[in-house]
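Asks: heads up, no residue letters with this:
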């Protein structure tokens with residue numbers, strides 16, 4: 001699972017990514033099983049808008065929040081930036097540690113092999 005700044009942001013984004021249409025803060029709060037205060041949920045939604053991950057549209061006296069990108073597109077952009085930064089900073093050390101971590105998990109090794117076979 002791709003992590004955002006915090007676990008709560010990730011949980012809220014996962015809720016919004018599963019929706020066909022946007023949600024009001026109260027609807028997000030309900031889907032979180034009401035464990036958080038409305039103000040907390042609303043603050044997180046506003047922060048995600050400031051980070052340009054969500055957009056919002058005024059509906060009556062509240063806002064409807066929707067993701068700007070699909071989860072897949074968000075992951076692609078975020079991971080590309082992350083990997084580029086790691087490779088620039090650590091070069092071959094980053095590659096060797098990545099390959100060691102892949103090698104320790106059969107499923108990951110299989111996925112890497114499939115990717116390499118498809119992109120020859």
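Replies: Sure thing, it's come through. In this text the structure is predicted, and so the values were computed from the model without any measurement.
Asks: flag every buried residue along the helix or strand encompassing residue 14.
Replies: Using DSSP states H and E, residue 14 falls within helix 7-17. The neighbour-count check on helix 7-17 (16 or more other CB atoms under 10 Å) flags 8, 9, 11, 12, 13, 15, 16 as buried. All C-beta atoms are positioned from the backbone trio N, CA, C, and that covers glycine.
Asks: following it, which helix or strand comes up?
Replies: Following helix 7-17 in sequence, per DSSP H and E, is helix 25-31.
Asks: the nearest residue to residue 95 once chain neighbours are set aside: neighbouring residues, count only.
Replies: Take residue 95 and drop its neighbours on the chain: the residue closest to it by CB to CB, 6 or more residues apart in numbering is residue 87, 7.4 Å away. Other residues near residue 87 come to 14 when the count uses other CB atoms under 10 Å.
Asks: could you give the secondary structure assignment for residue 87?
Replies: helix (DSSP: H, G, I helix; E, B strand; the rest coil).
Asks: surely it touches residue 97?
Replies: No - using CB atoms under 8 Å, residue 87 is not in contact with residue 97, being 11.5 Å away.
Asks: kindly report the domain assignment for this structure.
Replies: If you go by automatic domain parsing, the domain ranges for the chain are 7-67, 71-118.
Asks: reformat these as JSON lines; add mean pLDDT.
Replies: Formatted as JSON lines, the domains of the chain follow (pLDDT from 0 to 100):
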{"stretch": "domain 7-67", "mean pLDDT": "94"}
{"stretch": "domain 71-118", "mean pLDDT": "92"}
